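J.: got a structure for you, letters missing:
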C-alpha cells in the first residue's frame, strides 16, 4: 500500500506545517530530514543504526543503482527494502540530478538525455519513461519525475523552455508509472523567478501527482535569498494536502527557512559527507574534529547529546580515529550528524506546535552561526 | 586484577589444551582467536558488534598507539578500555614487530632500536623499557616483552645472538614493568631450529613470565612445516599452566595446527584485511565476493551461518557494496570473517573435548582447502 500523508496542523505565523506519514503500520512526523543512501546504503551505517535514531524516510539514488548493481538485480532481490534490509520508507530520485551533474550530459533532446556513464565512459540515454521504469523496479515508496536540472542562474528564457519540457517529461513519466505501491512526485523548477515557479507549480499540479518536489534549490544560487524565494514561490501554488520536498537541502538554517516556507521533506548527503571529512554538527556550529585542541578532550562531541557516539566516545577518541583514517570515526560522526538533524527536526516540530518557529529560527541562527538574523 | 588463566583439560592424542580465562567476572574459553584493533579499533567495527559475537581478547598495537594518539592521551582517557569502549580483555604487542617490519630499522643496538617513524620519517628510538612503559600506560591486560623479530630464514648464528639479546631485553622489560593489573608475556624466538627454540623457551621461562608468546612464526618461513615446527619446538619447553600465544597467526589451518601443538591464543589482521579486499571465509574455503557469479546470488555468504551479515544480507548485496567501495560491505565481511574464526575455535574446542581434533583437522583441510592432508 502507498504511504499516506496527512496534514495535521498549520503554523499561524508562517507557512510551516505539521504532518504525519503512515507507512506499514508505523507513523512518522513531518517536517522530516531524510538521510541519503546513494548506493542502497547510508554511508558507513547499518539500517539498525538509523532505526535506533528513529529514522523515517531514507533516500537511494536511481542513477547509481541503475548503473550498479542494475535495477533488475534489485528487483530480483525483492526490491530495495529487502536488498538493503531497511523496512522504513524509501524515496528514490529520478536520476536527473546526477545525469546533469556527475555524468556531463552530451545532449538534451525532447526524447531524453544522452550522457556518459561516469564510471566507465559508456554512452547512455535516459528518458522520463526509463527513469520511472527503473524506479518502479527498485520498488521505492516515493518516486520522482524525471526533470531537467538547469542551474538556478540560467537565463529566464532558457528556464522557461526547460520547465515546459520538464512538464512534458512529467506527463510522460506519469503515463508509464505502474507500481501501485509507489507514490510519484512532480518537480517544480524555475530558479528564483516568481513567474516561472508559479507557472511550473500550477502546470505540474494540473497533472495531479502524489506530492511535489522543489528542484533546482540545492546549488548554483546567487544567494541564500534566491533559494528561499524558490521555496516560497513554489509552495504558494502547491496543494495543502500533499507532501512538499526540497531536494538536496541539508544545511540547518536552510532546512528551518524551508519549513517556514511550507516544506515538509529535506534530504542531503551533508551529514555523512561532513562526517567523512571529520566535521560534526553541534548546536553551536560545526566543528572540525581533527583540530589539535580536541586531542585530549575527554568529553563527547556535545554534552547532553543522546546519540551512540556521544554516549560512548570522547572527542579525543573520535579525533584519533579520523586522523588515523579509521572508518569507525566516520561512522561515529555520521551517526552524530544524522542524529543532530533528527533532533533539529524535532525542535522545529515542537516550535511549530508552540507557534515559536520564528523565534527558534533567530535563536538557532545566533547559536549555530554566531550571527543575528537581520531579515525576516 | 590480572586476568586469570586456568588449564582445564589436555587432549590425549595431541598437545591441544582447553582452558578458561577469567576477567572482570566473565569467563572465556581457550583456544581463542583474537581480532586485531591496530589503532584501538577493530577496523570498521563497533565494540558492540564484537561482543554480539562473544568476543574475548582483542589486540591493539603499541607502535601505532605510541605514534598516534600517544600513550599519554590513552592513559589520560583512563586507559585503552575506556578510550575505545571495550570492556573485554585487551592485549598489546610490544611494538617490536612493527619496528622491524613497517619502520625500517636503522640500527639495532644492545640498548634498543633506532628507526624511522613510518608516518613522517622522524627518527625514533625504542627500548625494552620504553615499550613496557608505553604498554603500562595503555593499560592493556596482557603486555608483550620487546623482542627482536629476525626473519625465520636468518642464519643459525644470527638467530642465536638475536635470541640472547631478546632474553636480555625481556629481563630489562620485566624489571621496569609496573602495572599490577597487567600480565607480561615473554617471547620465544628461534626460527625453525629445535635447539634455538629450546634454548629461547628455557631461558625465557627462567625469567618467570605470566605467559609466553611464540614469535617469528607469522612470516618469512621457508614452509608451513617450519612454522609448525616452531610451534612444537617452543611449546615443548613451556609450562603447562601458562598461556601460550602464537603471534600473527590467522590462517585457519595454521590455527588448527597450532592448537594441535599446544597453543592457546592466536591473532591476525587477516579477517578484517580479507574483508576489505572483498574476501569471505566459508567452510569450503575463501571466496572472492567481487566475483561476477555472485551478482544475483540472493543467498547469504554461507547458509546456516549465524552472523549478522548472513542473517540479513545476500551475497548479491554485499558484492554490490564491495564493488561500489561502500564501507558497509567491508564491515559486513569483517563481521562474517571474525565470526567464522570464532566458530572455528568453538569447533576446535568441541573436537578437543571429543578427542577428535586430528580427524577434524583432516576433514577441515579437505573441506576448506580441497586437498587431503597427507602428513600427520
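T.: Cool, got the structure. Just so it is clear, the structure is predicted and the values come from calculations on it, not from any experiment. Residues are numbered from 1 along each chain as shown, chains lettered A, B, ... in the order given.
J.: make it CA atoms for all contacts and neighbour counts henceforth
T.: Fine.
J.: As a check, name the ranges of all strands in the stretch 101-250 of chain A.
T.: A:105-108, A:113-116, A:123-126, A:142-144, A:183-188, A:211-214, A:243-246 (DSSP state E, counting those that start in this stretch).
J.: between the ones you listed, which gets nearest to chain B?
T.: Across the strands of the stretch 101-250 of chain A, chain B has its closest neighbour in strand A:113-116 (18.0 Å, Cα to the nearest Cα).
J.: how far does that closest one sit from the chain's center?
T.: Distance of strand A:113-116 from the chain centroid (Cα atoms, centre = their mean, to the nearest Å) equals 24 Å.
J.: For the nearest residue to residue A:209 once chain neighbours are set aside, give the beta-bridge partners.
T.: Once flanking residues are discounted, residue A:209 sits nearest to residue A:185: 5.4 Å by Cα to Cα, 6 or more residues apart in numbering or on different chains. Counting by DSSP bridges, residue A:185 is bridged to residue A:144, residue A:211.
J.: Could you check how far residue A:136 is from residue A:97?
T.: Here the criterion is Cα to Cα, to the nearest Å. By it, residue A:136 lies 18 Å from residue A:97.
J.: check contacts around the nearest residue to residue A:338 once chain neighbours are set aside.
T.: Sequence neighbours aside, residue A:271 is the residue nearest to residue A:338 in space, at 5.6 Å (criterion: Cα to Cα, 6+ apart). Contacts for residue A:271 (Cα atoms under 8 Å, 6 or more residues apart in numbering or on different chains) come out as A:35, A:250, A:334, A:337-338.
J.: thinking again about what came up before, what pLDDT is listed against the residue nearest to residue A:209?
T.: Per-residue pLDDT puts residue A:185 at 98.
J.: Provide the count of other residues in contact range of it.
T.: Residues lying near residue A:185 (other Cα atoms under 10 Å in any protein chain shown) number 27.
J.: Which positions within the helix ranked longest in chain A qualify as buried?
T.: Secondary structure assigned by DSSP state H gives helix A:327-353 as the longest helix of chain A. By neighbour count on 16 or more other Cα atoms under 10 Å in any protein chain shown, the buried set for helix A:327-353 is A:327-346, A:348-349, A:351-353.
J.: Likewise for stretch A:233-241?
T.: Buried residues in stretch A:233-241, counted by 16+ other Cα under 10 Å: A:233-238.
J.: got the contact list for it?
T.: Stretch A:233-241 has contacts (Cα under 8 Å, 6+ apart) with A:5-7, A:188, A:192-194, A:197-198, A:201-202, A:205, A:212, A:214, A:244, A:261-263.
J.: wait, what's in contact with residue A:5?
T.: Residues in contact with residue A:5 (Cα under 8 Å, 6+ apart) are A:19-22, A:241-243.
J.: Now do the SS call for the spatially most central residue of chain A.
T.: Closest to where the C-alpha atoms of chain A average out (Cα atoms, centre = their mean) is residue A:267, at 1.6 Å. Going by DSSP: H, G, I helix; E, B strand; the rest coil, the secondary structure assigned to residue A:267 is strand.
J.: I figured it was touching residue A:38, is that so?
T.: No: using Cα atoms under 8 Å, residue A:267 is not in contact with residue A:38, being 11.5 Å away.
J.: Overlap in contacts, these two.
T.: Common neighbours of residue A:267 and residue A:38, counting by Cα under 8 Å, 6+ apart, are residue A:59.
J.: Mind jotting down where the helices sit in the stretch 1-150 of chain A?
T.: Taking DSSP state H, counting those that start in this stretch as the criterion, the stretch 1-150 of chain A carries its helices at A:47-52, A:62-67, A:71-76, A:80-84, A:96-101, A:128-138.
J.: what would the ones you listed look like in JSON lines with mean pLDDT?
T.: Shown next, in JSON lines, are the helices of the stretch 1-150 of chain A (pLDDT from 0 to 100):
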{"stretch": "helix A:47-52", "mean pLDDT": "98"}
{"stretch": "helix A:62-67", "mean pLDDT": "97"}
{"stretch": "helix A:71-76", "mean pLDDT": "98"}
{"stretch": "helix A:80-84", "mean pLDDT": "98"}
{"stretch": "helix A:96-101", "mean pLDDT": "86"}
{"stretch": "helix A:128-138", "mean pLDDT": "98"}
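J.: Pick the most deeply packed of the ones you listed.
T.: Among those, helix A:128-138 has the highest mean neighbour count (mean count of other Cα atoms under 10 Å in any protein chain shown), at a mean of 25.
J.: and that helix, does that touch chain B?
T.: No: looking at helix A:128-138 against chain B by Cα under 8 Å from any Cα of the partner chain, there are no contacts, and the closest approach is 13.5 Å.
J.: which other helices and strands contact that helix?
T.: If you count contacts as 3 or more Cα pairs under 8 Å, 6 or more residues apart in numbering or on different chains; DSSP states H and E, helix A:128-138 packs onto helix A:62-67, helix A:71-76, strand A:142-144, helix A:156-176.
J.: Name the residues that touch the shortest one?
T.: Spelled out, that is strand A:142-144. Under the criterion Cα under 8 Å, 6+ apart, residues A:90-94, A:132, A:135-136, A:182-187 lie in contact with strand A:142-144.
J.: In those, which residue is surrounded by the most others?
T.: The most crowded member of these is residue A:135, carrying 35 neighbours; neighbours defined as other Cα under 10 Å.
J.: I'd guessed that one sits against residue A:91; true?
T.: No: Residue A:135 is not in contact with residue A:91 according to Cα under 8 Å; the separation is 9.4 Å.
J.: And the residue in the stretch 101-250 of chain A positioned nearest to chain B, how far from residue A:103?
T.: The nearest approach of the stretch 101-250 of chain A to chain B comes at residue A:119, 10.3 Å away (Cα to the nearest Cα). Here the distance between residue A:119 and residue A:103 works out to 9 Å (Cα to Cα).
J.: Could you check which of these two is surrounded by more residues?
T.: residue A:103 (19 against 11).
J.: and residue A:79, what does it touch?
T.: By Cα under 8 Å, 6+ apart, the contact list for residue A:79 reads A:137-140.
J.: Then residue A:100?
T.: With Cα under 8 Å, 6+ apart, residue A:100 has these contacts: A:148-150.
J.: Drop anything exposed from these.
T.: Listed as buried from the contacts of residue A:100 are A:148-150; burial here means 16+ other Cα under 10 Å.
J.: Helix, strand or coil: sort out whatever residue is furthest in space from the centre of chain A for me.
T.: Distance from the centre of chain A peaks at residue A:296, with 35.6 Å (Cα atoms, centre = their mean). Reduced to three states with three-state DSSP, the structure at residue A:296 is coil.
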